[in-house]
Structures are given as C-alpha cells and as structure tokens.
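Q: Show me the folded form of this:
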Amino acid sequence: VTSAISNRPLVFPTPKEMEFGNTQFSVKDCISLHSNANDHQFIEFLKNTYGQNFFKGNKNYGFGTKCSTHISLDVKKPTEMMPQGFDPEQQKYQLEITQTGKIKIISEYKVGVLRAMDSLAQIFEHFGGELIIPHLPLTIVDKPRYGYIGLLLDVSRSYYPIATLKQIIDGLRMTKVNVLHLHLTDDDSFPIELPSFPGMTEHTALTPEESYSEEAMKEIIDYAYENGVKIIPEFDIPGHTRAIGDHPFLHKLMTCMDLIEEWKLPDNSSIRGGPARAVLNPTLEETYDFIDTVITDFRGIFTQSEFIHFGGDEVETEACWTTDSTIKEWMEENNIKDGSELFYHFQKRVGELAKKQGVKTAHWVYDDNWDLKWDEGSILQYWGDSKFIPKLKETYPDHQHILSVHELFYFDCGLGNRYGTDLCNPYQTWAKIKAFEPTDYYDPKDDQLLGGEGAMWSELNTPYNVFNKIWPRLAVMSNIFWSSSVAKPFNWGDIVEELVHFRDHLRDNGIPANQISSRYCEAHPHDVFDRYVGADFESI
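A: Got it, this is the predicted structure:
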C-alpha cells in the first residue's frame, strides 16, 4: 500500500509516450467494464484477473455494473488475442483518463488491452483507505520497441508444478513479457508426455510424477495465451539428450551415453559430476525418424507457438562423434571431413524436417562456434558475451537474433553450480542490466534484432526460490526492450523509485520479487541515488 502519492505516474516498463496533469479523482464505489465487442468471456477474464491488481483487497471497491467509474474498451480486432509473429504493433495501446475518472482503452488486439490494464493497475493509488487515480488528465500511447521480450525457464533440471507456472505467467503479463520459452529437454530429464511415446516420462522424467501430460501442457499454453504470453518449446538436440537415452527404445539413438566430465571441489577433490552427457547419433535414419515424430507431437501440443527451438549448443562432436569408429566410417563414405560439417549435416536434416511440417526453427549460438552453419531462415539466440555481438552480426547477417547475453541476462549466474563451486560469476545485478542498450549494436531501423530474453536455468532453482531470482531483474530487462533508449548518465533516483513501486506492485499481486536496495535506500531513492554534483567526496 502506497504511503504517499508520487509526483508523476510510475509505470513500468516506461511508456513510449505519456502526458499527465496534476489533478486526481477518487473512485466512489465500483468500476464497470464495457467492450465494443460485447465479449462477455473476455470481460469476465479481465474482472477475475485484475480484481486484486486494482483493488488490493479493499472490500469497499470492486468491479460492478452500475458504477460511477467506467472503463470502456475499443478493440479494433476483438476476435483475436494476438496474431502470429512479433510485430511490436500487436501490443500497442492507448490509455486515456479524464479528470472525472472516465477511462478509455484503445487497441488493435486484446493483448493491447492487457498491456493497458497492467499500466492502469500501476497508476491507481491506495491512500488513506481510498482508491485514487492521480495525475489527471492522463494519456498514454505505448508499444514495445522490440516485439520479442522473453523468459527462458528450464523445466528439465527442475520441475515446476502447473500452479507455479501459472504464477510465473501472471508475473510475465504484469512485466509486459510476451514469451515464455520452456527448455524441455536436457541430460537431467525430458518431462513432457508425447502421444507417440506413451509412458515415456516413466523413463525420462526426474520422477514419473514430475512430468507434464499433454493435457497439463495444453492448460499452461491456453493460460499463457489468454494472458498475452506465447509459449516457445525447446527440444534441445543433438546434445543435452542423455535423458532421452534412458528410454529403452531410444537408447540406441545415442552416442557416448556415459560421457562424464571431471570436476574439482574447493579441497581439490576430483568428482565424476552428473548426470553424464550424451549426443544423438547423426548417422542413423532412426534418429531423424524420432525427431520427425517429436516435431509432429510438438505441433499438436504447441499449436500457437511461433517456432520450435532446437537448441544445438555444447555438442561434443569430437568426444561423441569423430572418435567413434562407426561414425567416422560413415563420415568418410559421405565426404564429411570434420565435426563441424557433420553438425551442419545434422542441422540441415532437422531444418528440412521442420520445413516439411511448416515449422520455423531457432537455435542457440555462443561465441566459440562461429564456424557452425545453420538452416536457412532460422532464428539464432545468442548467449555469448555482449562484446562479440558485432561478430554475431557479421557471421550471421541473414538470420534474426534474440539476445540472451550471459553476462547480463543469465539470472542463475553468480550463485554457484550444482557442485558448490563457481558458475559464470559475477551475479548479474539490476543496475548492470539497466546499462545495456541494444542500439549500441543494432540499427533501430533494422529488423535483424527480434528482442531479448532472460534465462533462468534450473540447476539450483526450484519453485521455492525462482521468483526472487527472476524479479525484479526481468523487469529491468523488459524495460530495455520495451521502452525507448534513455540518454546516459541515467537518473538513478527516478529509476530506483520506479523499480521499487513496480516491485511492490508485483508483491501485492502474489509475485515475491526481490529487494532493489536496502529499506532505507528504497525509501529515499533521490537522496541516495541522484547524481552528486557538489564538491569531491571525502573519504571517511
């Protein structure tokens, strides 16, 4: 509950255009909702979704029919939540509030209504038991700078129940993040039931109970869609596939099922680590039959997905392919000289299978494998260092890119690995993330950059700790790709004030977001964070 009303609307991510006045309106009773399309189901969804967001448990207020405050929705294409693709115009909205508290939302699609409602929920202030709309008259015209703003969640290394996934999706909607990328396969587990392989997760999940049935996954997909979030499934191949090899029928498709890597502990002890790693055999036709079947099953489950992510990084081509006598013999017969060429052969075959089924592909790219080729038209998700983004553009000019630069957007970094040793240090702070600017690397008039994605890998993350690792840092990343670029040096006092307000908004709505700073600094953001322009600091 806000203790004082700010001198400006605190909306996060920062709107593209916002004009506001200096008067306020007190909501007298209830708020009514009306849509130009008379879509009763959508209106009920909005009431159910935004009741807590707007009223924060104050029983004096709520949604009703005969109310003194009214929200009118003008949706140009009211039959669609959002179309295919990642055009920023999909999420565009206009929010108008008069001095008498009349609220109007104009959008092309329903998803624009959601973006406007989440902005409106942040504008409402609860003060002295009253629900107040300040800074009137107010007009916001808003859309994202980039059409793809995502979160990767690793559901292979840790299991997230349906209720947790829905809670995460709620947070994504409030943060104006429009993609949830599910990393479904890895050496640890492959936890999704596929219709072509009944009973598969009895072998490939962490436990049979920690898996997603086809019906459960469709429930998540539908929930995400109605909240303006698109689900992208990842079937990570040919590496990261040992769990698939645990299936007795699929074991024969694997090479080096027991490949281990020595790890050193702080006392210099050597351990085996685990799980062992394995790679699909690219020389077997049965491998491609399996992949084709998975694509078919994914198409049937993820019917609204824009593409299937096929992973493709960290493949042990030497240990698992070129030193295998049978594979080496096959390579010689097919004039394939090295592991990179064999990898391209594999990716080309996968691309052909996907294209045959009308599926667009995406892959991981790192800064140590510039020699790798990818299927034409595929999207490349880059997780290398930001300093090599120019090399990414130079090497793959004909592909669209998604940025997940690990030194900024890997939210698991800096907290150790599964063996108690270091992992991609340091911790990525919200202030460090804020300093990134996409147009330092990409021409804003060029559509090569789709957007950005934060990554929450789950070696050490579970439903018990994942929320305060994602938030508020994901909100800062979302602000980068949603909002217009901001000249440096930043007004850090304003940034902290806005972040604290949004963090409290998340907490009020069931998302246990982490601290921005200490309690004192959060309460006095301008005293603490505004630039010091006086005399030189004296050391104490």
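Q: Nearest the geometric middle of this protein, what residue?
A: By C-alpha atoms, centre = their mean, the chain has its centre lying nearest to L151, at 1.3 Å.
Q: If that residue is in a bridge, with which residues?
A: L180, G454 (DSSP bridges).
Q: That one contacts W471, doesn't it?
A: No - applying C-beta atoms under 8 Å, one finds L151 not in contact with W471, separated by 10.1 Å. Where C-beta positions appear, they are placed from N, C-alpha and C, glycine not excepted.
Q: next helix or strand past the strand or helix carrying H501?
A: Using DSSP states H and E, H501 maps to helix 492-508. As assigned by DSSP H and E, the chain's next helix or strand after helix 492-508 is helix 519-523.
Q: In terms of secondary structure, what does that following helix contact?
A: helix 492-508, helix 525-529 (3 or more C-beta pairs under 8 Å, 6 or more residues apart in numbering; DSSP states H and E).
Q: swap the cut-off to 6 Å and go again
A: For helix 519-523, there is no helix or strand it packs on, judged by 3 or more C-beta pairs under 6 Å, 6 or more residues apart in numbering; DSSP states H and E.
Q: E19 - how many residues pack around it?
A: Counted by other C-beta atoms under 10 Å, the residues lying close to E19 total 12.
Q: Next up, phi/psi of it, please.
A: In terms of degrees, to the nearest 10, the main-chain angles of E19 are phi -120, psi 140.
Q: And it, how close does it get to G312?
A: Applying C-beta to C-beta, to the nearest Å, the value for E19 to G312 is 47 Å.
Q: What of A354?
A: Taking C-beta to C-beta as the measure, A354 and G312 are separated by 12 Å.
Q: any common contacting residues for these two?
A: The contact sets of A354 and G312 do not overlap (C-beta atoms under 6 Å, 6 or more residues apart in numbering).
Q: ok, these two, which is more surrounded?
A: For A354 versus G312, neighbours defined as other C-beta under 10 Å are more numerous around G312 (27 against 23).
Q: In three-state terms, how would the more buried one be classified?
A: Following DSSP: H, G, I helix; E, B strand; the rest coil, we place G312 in the coil state.
Q: which SSE is the nearest residue to Q304 once chain neighbours are set aside in?
A: Nearest residue to Q304 in three dimensions, chain neighbours excluded: Y225, at 5.7 Å (C-beta to C-beta, 6 or more residues apart in numbering). Element membership for Y225, per DSSP H and E: helix 214-226.
Q: Specify the angle between the next helix-or-strand element following that helix and helix 214-226 in degrees.
A: Following helix 214-226 in sequence order, the next helix or strand is strand 230-234 (DSSP H and E). On the basis of axes from the mean of the first three to the mean of the last three C-alpha atoms, to 10 degrees, strand 230-234 is oriented at 140 degrees to helix 214-226.
Q: average pLDDT across the helix or strand following strand 230-234?
A: For strand 230-234, the succeeding helix or strand toward the C-terminus, using DSSP H and E, is helix 242-245. Across helix 242-245, pLDDT averages out at 94.
Q: Equivalent analysis for stretch 361-380, please.
A: Averaging pLDDT along stretch 361-380 gives 92.
Q: Distance check, S196 against K218.
A: Plainly put, S196 is 16 Å away from K218 if you go by C-beta to C-beta.
Q: Same check on R272?
A: Taken as C-beta to C-beta, the span from R272 to K218 is 39 Å.
Q: Which one of these two is surrounded by more residues?
A: K218 (15 against 10).
Q: Could you report the neighbour count for the residue nearest to that one when sequence neighbours are not counted?
A: Using C-beta to C-beta, 6+ apart and skipping the chain neighbours, the partner closest in space to K218 is I301 (6.3 Å). For I301, the number of neighbouring residues by other C-beta under 10 Å comes to 20.
Q: What score does I301 have for pLDDT?
A: Reported pLDDT at I301 in the predicted model: 97.
Q: same check, this time on the one 3 residues further on
A: Taken from the predicted model, the pLDDT recorded for Q304 is 90.
Q: Is it in a helix, a strand, or coil?
A: When classified by three-state DSSP, Q304 comes out as coil.
Q: what about it, distance to Y427?
A: For Q304, the distance to Y427 equals 35 Å [C-beta to C-beta].
Q: for S484, same thing?
A: 28 Å.
Q: circling back: distance check, the residue nearest to K218 against L152.
A: For I301 relative to L152 (C-beta to C-beta), the value is 18 Å.
Q: swap in G274?
A: G274 sits 23 Å away from L152, taking C-beta to C-beta as the criterion.
Q: Looking at these two, which one has more neighbours?
A: Each of G274 and L152 has its neighbours counted (other C-beta under 10 Å); L152 has more, 26 against 14.
Q: so how far is L172 from that one?
A: To L172, L152 is 12 Å away according to C-beta to C-beta.
Q: so what sits against both of those two?
A: With C-beta under 6 Å, 6+ apart applied, the contact sets of L152 and L172 do not overlap.
Q: just the helices in the stretch 201-350 of the chain please.
A: Ranges of helices in the stretch 201-350 of the chain, per DSSP state H, counting those that start in this stretch, are 201-204, 214-226, 242-245, 285-301, 317, 325-333, 339-356.
Q: Compare the mean pLDDT across those helices and name the weakest.
A: helix 317 (a mean of 89).
Q: So what touches that one?
A: 339, 343.
Q: try it again with 7 Å
A: For helix 317, the external contacting residues (C-beta atoms under 7 Å, 6 or more residues apart in numbering) are 339, 342-343.
Q: and which of those is nearest K76?
A: The closest of the contacts of helix 317 to K76 turns out to be F343 (C-beta to C-beta; 46.1 Å).
Q: Tell me who's in contact with the closest one.
A: Per C-beta under 7 Å, 6+ apart, neighbours of F343: 315, 317, 372.
Q: Could you confirm F436 falls within a helix?
A: No - assigned with three-state DSSP, F436 falls outside any helix and is coil.
Q: so how many other residues sit close to it?
A: 19.
Q: Give me the nearest residue to it, chain neighbours excluded.
A: Nearest residue to F436 in three dimensions, chain neighbours excluded: L408, at 5.4 Å (C-beta to C-beta, 6+ apart).
Q: And that neighbour, its phi and psi?
A: The phi/psi pair for L408 (degrees, to the nearest 10) is phi -130, psi -40.
Q: One more: the one 4 residues further on?
A: With angles defined as degrees, to the nearest 10, D412 shows backbone torsions of phi -90, psi -10.
Q: partners of the longest strand anywhere in the chain in the sheet?
A: In the chain, with assignment by DSSP state E, the single longest strand is strand 130-142. Paired with strand 130-142 in the same sheet, following DSSP bridges, are strand 17-26 (antiparallel), strand 93-97 (antiparallel), strand 125-127 (antiparallel).
Q: among those, which is the most enclosed?
A: The highest average neighbour count among the strands paired with strand 130-142, using mean count of other C-beta atoms under 10 Å, belongs to strand 93-97 at a mean of 22.
Q: Give the other helices and strands that the helix or strand just after that strand contacts.
A: Following strand 93-97 in sequence order, the next helix or strand is strand 103-107 (DSSP H and E). Other elements packing on strand 103-107 under the criterion 3 or more C-beta pairs under 7 Å, 6 or more residues apart in numbering; DSSP states H and E are strand 69-75, strand 93-97, helix 110-123.
Q: Using a markdown table, lay out these together with mean pLDDT.
A: Shown next, in a markdown table, are those (pLDDT from 0 to 100):
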| stretch | mean pLDDT |
| --- | --- |
| strand 69-75 | 97 |
| strand 93-97 | 98 |
| helix 110-123 | 98 |
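Q: Identify the residues contacting the longest strand of the chain?
A: Residues from elsewhere that reach strand 130-142 (C-beta under 7 Å, 6+ apart): 5, 8-9, 15-27, 55, 58, 61, 93-99, 101, 115, 119, 123-125.
Q: If anything else comes up later, I'll come back, but that's it for now.
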